[in-house]
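Asker: Generate coordinates for the sequence data below:
(one chain, ligands or ions: 1)
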Amino acid sequence: MSDRLSEPLAELLDHLNGIGYEELYLPGAGVPDPHARGPAGTPATDAADSEERAVALGELATEASECAACRLSEGRKQVVFGSGNPDADLMLVGEGPGAEEDRRGLPFVGPAGELLTKILRAIDLERDEVYIANVVKCRPPSNRDPERDEIAACRGYLERQIELVRPRVIVALGRVAAQALFGTTEALGRLRGRWHTVRGVPARATYHPAALLRYSKYKRPTWEDMQEVRDRLRGGE
Ligand code: URA
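Answerer: Residues are numbered from 1 along each chain as shown. As a prediction, the model looks like this:
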């Protein structure tokens, strides 16, 4: 195999590295034997399957980076596709990128993101263990809520992300994400506190970390929601 990578492959590897994926087996370059057992006794095919899904996620990100399906593409600096572990048990879904996310190309890296990192630590998870995405991948102007047609235009990307990551639990962060994921206009207060299903995956809604920064009264209910999430993840259901 040549030492020089083709440009699209180098780009894909760069992207995968950027979203926390550190190793990739290339065909013909020491691919694990599909019939061998993995180190923990898991079939090596599981590893191959998760690698395939990570590659597909990278390809989807590349496709999204050129998306012009709605007006949000006109004002963005870059598409904020998603980040984290492509094989995560927990997927968090926010509303849409803010200014800092638009600048850095990563979700939840501003003040709300810092709080999200702390919330995750409170349930013993690090950011790179989970997968984080938004219902829209481009920053809405002046941080307004994304509109219904913009959410619809981006929906295919989010659905594919869910299918490829195959999380065991999804958490919708805030009203916009919860309504978009659950396909409803019900208030967040009525959506949280119970389990929903999104494409076959158990899902929960909680307050957006930006709301917690403004209103500390949301901290306790958010903690209760996240304990439910932690228990479900630990329960191995
Ligand atoms: N708020 C969101 O909903 N998503 C981000 O990525 C950042 C802030």
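Asker: Show the backbone phi and psi for residue 197.
Answerer: Reported as degrees, to the nearest 10, the phi and psi values for residue 197 are phi -130, psi 130.
Asker: which residues pair with it across the strands?
Answerer: residue 202 (DSSP bridges).
Asker: so which strand or helix has residue 204?
Answerer: Following DSSP states H and E, one finds residue 204 within strand 201-206.
Asker: Can you tell me what sits against that strand?
Answerer: Outside strand 201-206, the residues that touch it by Cβ atoms under 8 Å, 6 or more residues apart in numbering are 91, 162, 166-173, 177-178, 181-182, 188, 191-192, 195-197, 221-222, 225-226, 228-229, 232, 237. All C-beta spots, glycine's among them, are computed from the backbone N, C-alpha and C.
Asker: go with 7 Å
Answerer: By Cβ atoms under 7 Å, 6 or more residues apart in numbering, the residues outside strand 201-206 that reach it are 162, 167, 169-173, 178, 181, 188, 191-192, 195-197, 222, 225-226, 228-229, 232.
Asker: which of those residues are buried?
Answerer: Among the contacts of strand 201-206, those classed as buried by 16 or more other Cβ atoms under 10 Å are 162, 167, 169-173, 178, 181, 188, 191-192, 196, 222, 225-226, 228-229, 232.
Asker: wouldn't residue 191 be in contact with residue 177 here?
Answerer: No. The pair residue 191 and residue 177 fails to qualify as a contact (Cβ atoms under 7 Å) at a distance of 10.1 Å.
Asker: Dig out what the closest residue to the ligand within the chain forms beta bridges with.
Answerer: In the chain, the residue that lies nearest the ligand is residue 94 (2.9 Å; Cβ to the nearest ligand atom). Beta-bridge partners of residue 94, counted by DSSP bridges, are residue 134.
Asker: What is the burial count for it?
Answerer: Neighbour count for residue 94, taken as other Cβ atoms under 10 Å: 27.
Asker: right, and it touches residue 134 too?
Answerer: Yes. Residue 94 sits in contact with residue 134 when judged by Cβ under 7 Å, with a separation of 4.6 Å.
Asker: where does this protein have low pLDDT?
Answerer: Along the chain, the parts satisfying pLDDT under 70 run over 1-43, 236-237.
Asker: then the longest helix along it to PDB, C-alphas only?
Answerer: Assignment by DSSP state H gives helix 44-64 as the longest helix of the chain. Taking Å, rounded to 0.1, in the frame of the first residue of the first chain, the C-alpha atoms of helix 44-64 are listed here in PDB:
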ATOM      1  CA  ALA A  44     -14.100  -9.200  15.200                       C
ATOM      2  CA  THR A  45     -17.000  -8.600  12.900                       C
ATOM      3  CA  ASP A  46     -18.500  -6.300  15.500                       C
ATOM      4  CA  ALA A  47     -15.400  -4.200  15.300                       C
ATOM      5  CA  ALA A  48     -15.500  -4.300  11.500                       C
ATOM      6  CA  ASP A  49     -19.200  -3.200  11.700                       C
ATOM      7  CA  SER A  50     -18.500  -0.300  13.900                       C
ATOM      8  CA  GLU A  51     -15.600   0.800  11.700                       C
ATOM      9  CA  GLU A  52     -17.900   0.700   8.700                       C
ATOM     10  CA  ARG A  53     -20.400   2.800  10.400                       C
ATOM     11  CA  ALA A  54     -17.800   5.300  11.500                       C
ATOM     12  CA  VAL A  55     -16.600   5.600   7.900                       C
ATOM     13  CA  ALA A  56     -20.200   6.000   6.700                       C
ATOM     14  CA  LEU A  57     -20.600   8.800   9.300                       C
ATOM     15  CA  GLY A  58     -17.500  10.500   7.900                       C
ATOM     16  CA  GLU A  59     -18.800  10.200   4.400                       C
ATOM     17  CA  LEU A  60     -22.100  11.700   5.500                       C
ATOM     18  CA  ALA A  61     -20.200  14.600   7.200                       C
ATOM     19  CA  THR A  62     -18.400  15.300   3.900                       C
ATOM     20  CA  GLU A  63     -21.700  15.300   2.100                       C
ATOM     21  CA  ALA A  64     -23.200  17.600   4.700                       C
END
